[in-house]
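>>> Output the structure for:
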Amino acid sequence: MLGSGILLLLGFLAHVGLGSSNSVSVSELIAELLKGPQEGSVVVWQFRIPRAIQCVLTGAILGTTGSVFQSLFRNRWLNLISLELLLVRRWVVRWLQLLD
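Residues are numbered from 1 along each chain as shown. Prediction:
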């Protein structure tokens with residue numbers, strides 16, 4: 001759990017620090033985060049941080065949804081939902097029959 005939190009924090013800092021217009025070093029990024037929003041930090045506070053928060057929340061929602069689906073379909077032993085539940089198997093079989 002601690003490792004996941006550290007990876008999340010590192011990913012968040014990398015997402016906020018790296019950009020197409022200008023990259024911010026780690027020390028500058030941490031100093032800017034501790035200072036708060038100021039006049040010269042428009043790009044970080046108005047664009048990069050909201051986008052990074054949106055990415056974190058989207059990942060959390062997708063992970064929670066996947067966990068709920070696996071418990072709902074009692075698919076605890078497999079890593080993914082089985083193909084029968086997604087109705088993919090029927091299409092795969094038809095596609096393979098067309099290729100044969």
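>>> show me where this protein has strands.
Shown for the chain, no strands are assigned by DSSP state E.
>>> Pick out the residue closest to the middle of it.
Gly59 (3.7 Å; Cα atoms, centre = their mean).
>>> From the opening residue of stretch 34-52 to its closing one, how far?
Terminal residues of stretch 34-52 are spaced 17 Å apart (Cα to Cα, to the nearest Å).
>>> what does the average pLDDT come to for that stretch?
On average, the pLDDT along stretch 34-52 is 83.
>>> Buried residues in it, which are they?
Neighbour counts using 16 or more other Cβ atoms under 10 Å place Ser41, Val44, Arg48, Ile49, Ala52 of stretch 34-52 among the buried residues. All C-beta spots, glycine's among them, are computed from the backbone N, C-alpha and C.
>>> same deal with stretch 15-26?
His15, Val16, Gly17, Val24.
>>> Sort out for me which of these are in helices.
Mapping those onto helices (DSSP state H) picks out His15, Val16, Gly17.
>>> tell me which residues in the helix ranked longest in the chain are buried?
Determined from DSSP H, the single longest helix within the chain is helix 49-72. For helix 49-72, burial by neighbour count (16+ other Cβ under 10 Å) applies to Ile49, Ala52, Gln70.
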